[in-house]
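Peer 1: Need a 3D model of the sequence below.
(chains A and B)
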Amino acid sequence: AQKVTQAQTEISVVEKEDVTLDCVYETRDTTYYLFWYKQPPSGELVFLIRRNSFDEQNEISGRYSWNFQKSTSSFNFTITASQVVDSAVYFCALSEYTDGGAQKLVFGQGTRLTINP
Amino acid sequence: DVKVTQSSRYLVKRTGEKVFLECVQDMDHENMFWYRQDPGLGLRLIYFSYDVKMKEKGDIPEGYSVSREKKERFSLILESASTNQTSMYLCASSLWARGRRTEAFFGQGTRLTVV
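Peer 2: A predicted model of the protein is given here:
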């Protein structure tokens, strides 16, 4: 079965430090998508990025970057020069097709990131 | 912008009550989902629907049912609420795009307390 593991339950750093959130996945599909979501204290999950299994190029968006390595089944997320507003719970997710052909997302346990001033 | 709206932000219900959690999306998405979020367990899928009147069980469907009579609305029903159903419930929607996954958009969540 598909599985997503975020081994880091909580991370706490001081503002301006760089921080990397780890995500390891298991899937039997040859084509799949990976996602990162941010959940601020308000509770609503905010989509950050989608990456398909054929595209192993790293992606950078401002202070955010993502490192996808198919060989190690990892999709790690790095925040450079962290800010207090980055404090949130971050979820990694993997797409999965059901037997009926519908798609759903499988989520990791989440990593609570706290950025201290 | 996609909007997924859950009817209540906070709910307190008594054990044994029948509870309805409502979710509406305004982007004509085919897929809708109900997740439950608990500390240390992440988001777990309860039920999802890929079309009107169509539904599939997720990973933890026991004690829950769903209804999708209209494309924009997906309801989660707790037939007889129990204290172990105290949790944060998140609704989401996404496009159906065969061969292409699209991101899911989430509502603000309903924090349900069963006493």
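Peer 1: what's the first-to-last distance across stretch A:95-112?
Peer 2: End-to-end distance of stretch A:95-112: 22 Å, with Cα to Cα, to the nearest Å as the criterion.
Peer 1: who's in contact with the longest strand seen in chain B?
Peer 2: The longest strand of chain B (DSSP state E) is strand B:42-51. The contact list for strand B:42-51 (Cβ atoms under 8 Å, 6 or more residues apart in numbering or on different chains) reads A:4, A:6, A:91, A:93, A:100, A:102, A:104-110, B:30-38, B:55-61, B:64-66, B:68, B:71, B:74, B:76, B:89-90, B:96. Using the backbone N, CA and C atoms, a C-beta is placed for each residue, glycine as well.
Peer 1: and if you look at stretch A:56-63?
Peer 2: Stretch A:56-63 is contacted from outside by A:49, A:51, A:65-70, A:79-83, using Cβ under 8 Å, 6+ apart.
Peer 1: Restricted to strands, list those.
Peer 2: If you go by DSSP E, the contacts of stretch A:56-63 have A:49, A:51, A:65-69, A:79 in strands.
Peer 1: Of the residues you listed, just the buried ones, PyMOL syntax please.
Peer 2: Applying 16 or more other Cβ atoms under 10 Å in any protein chain shown to the ones in strands among the contacts of stretch A:56-63, the buried members can be selected in PyMOL as follows:
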select buried, chain A and resi 49+51+65+66+67+68+79
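Peer 1: List just the nearest of the ones in strands among the contacts of stretch A:56-63 to chain B.
Peer 2: Minimum distance to chain B across the ones in strands among the contacts of stretch A:56-63 is 8.8 Å, recorded for A:Ile49 (Cβ to the nearest Cβ).
Peer 1: quick one on the thing from earlier: farthest-separated two in the ones in strands among the contacts of stretch A:56-63?
Peer 2: Spatial extent of those (Cβ to Cβ) is set by the pair A:Gln69 and A:Ile79 at 18.3 Å.
Peer 1: buried residues in stretch A:99-117?
Peer 2: By neighbour count with 16+ other Cβ under 10 Å, stretch A:99-117 contains the buried residues A:102-111, A:113, A:115.
Peer 1: Same question for stretch A:13-23.
Peer 2: Quick answer for stretch A:13-23 (16+ other Cβ under 10 Å): A:13, A:19, A:21-23.
Peer 1: between the longest strand seen in chain A and strand B:42-51, how many degrees?
Peer 2: Looking across chain A with DSSP E, the single longest strand is strand A:88-97. The directions of strand A:88-97 and strand B:42-51 differ by 40 degrees, with axes from the mean of the first three to the mean of the last three Cα atoms, to 10 degrees as the criterion.
Peer 1: Okay, buried residues for strand A:88-97 please.
Peer 2: By neighbour count with 16+ other Cβ under 10 Å, strand A:88-97 contains the buried residues A:88-96.
Peer 1: For it, which helices and strands make contact with it?
Peer 2: Judged by 3 or more Cβ pairs under 8 Å, 6 or more residues apart in numbering or on different chains; DSSP states H and E, strand A:88-97 is in contact with strand A:3-5, strand A:33-39, strand A:74-79, strand A:103-107, strand A:111-116, strand B:42-51.
Peer 1: how close does B:Glu62 sit to B:Ser80?
Peer 2: For B:Glu62, the distance to B:Ser80 equals 12 Å [Cβ to Cβ, to the nearest Å].
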